[in-house]
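No sequence on hand, only this structure:
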């Protein structure tokens, strides 16, 4: 089983977010890896508020979070279903999140009483879905005082700084172990339907030739309706939505990373290994947790790079550039040429 993904797909203006938060991806325990993409741990201490934007993956997340400190800011945990729109999150002050990104199709073995579509577009207290105690949440997040010590790392030099860094690594490893313990305690329950759904969504993600639901159904030897029922039960959205979302993820990534020439107007970040070592700041490819809205328009990154949108539309299987432009604009909130700054 492959380790945490190394891409930044879904994150709008990823470099800007990376500069503001400390993010690490960590592997779960071996028994959990067939069902989970990775854990994602994020800490921030911001002098000014920052608004992040994410184009959600077709994945459910379980999110443990603490915003601020004191009795007015108790820690909490949620099940965050697949977001259907651009996710907008305001981050301010100091906070910590420990997130679990499930593989598309991998969540139901942990909560088999409901179809995954029950959570789509919703954020539900974790205790309503899985057995959870306040102690579970506190253990996963770790002591609030540890966040202050992390803030101080880098402000000193020499042996004291090195010792603080080791202490923070031990605390992070403890949070990862707490996530393992919690999830192994509530599941997973073997389910061939989940295995099938995970295999199909992975095929959609990696195989550009899969462009239509009927094409996928024919390749699997099932009816389109059967495929739609499978996805509603185990993924939470239909196969057509998954196909379109992965296309937009690739277009968004190319808008930030490719250099080229715009032809006409529009009508993977390093992963931290399990031992806790890290090669730099990363960010979540999924909705940032905490209070926030699931709609809005993202600002275009000022990267100065350009993309040949007509060529990209063809590569992604669109019949023409106009179809890609419409999907991109509906999802991100601005046309692709405006997003990449090439059309301004």
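Nice, I can see it. If you're wondering where the values come from, they're calculated on a predicted model, not measured in any experiment.

What segments of the stretch 151-300 of the chain are helices?
Assigned by DSSP state H, counting those that start in this stretch, the helices in the stretch 151-300 of the chain fall at 159-186, 192-206, 213-220, 224-234, 239-257.

So which of these is the most surrounded?
helix 239-257 (a mean of 21; mean count of other CB atoms under 10 Å). Glycine gets a C-beta too; all of them are placed from N, C-alpha and C.

the inter-axis angle of that helix versus helix 192-206?
Put simply, helix 239-257 runs at 40 degrees to helix 192-206, going by axes from the mean of the first three to the mean of the last three CA atoms, to 10 degrees.

for helix 239-257, packing partners?
Helix 239-257 sits against helix 192-206, helix 213-220, helix 224-234, helix 321-332, helix 336-339, with contacts defined as 3 or more CB pairs under 8 Å, 6 or more residues apart in numbering; DSSP states H and E.

Let's have those helices in CSV, adding distance to residue 106.
Formatted as CSV, the helices and strands packed on helix 239-257 follow (distance: least, CB to CB, whole Å):
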stretch, distance to residue 106
helix 192-206, 6
helix 213-220, 19
helix 224-234, 8
helix 321-332, 23
helix 336-339, 31
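
can you redo the ones you listed as a markdown table with mean pLDDT and distance to residue 163?
Output for these, formatted as a markdown table (pLDDT from 0 to 100; distance: least, CB to CB, whole Å):
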| stretch | mean pLDDT | distance to residue 163 |
| --- | --- | --- |
| helix 192-206 | 95 | 42 |
| helix 213-220 | 93 | 54 |
| helix 224-234 | 97 | 46 |
| helix 321-332 | 88 | 44 |
| helix 336-339 | 77 | 44 |
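
before we move on, back to that, with distance to residue 337 added, can I get the helices of the stretch 151-300 of the chain in a markdown table?
Formatted as a markdown table, the helices of the stretch 151-300 of the chain follow (distance: least, CB to CB, whole Å):
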| stretch | distance to residue 337 |
| --- | --- |
| helix 159-186 | 41 |
| helix 192-206 | 26 |
| helix 213-220 | 29 |
| helix 224-234 | 32 |
| helix 239-257 | 9 |
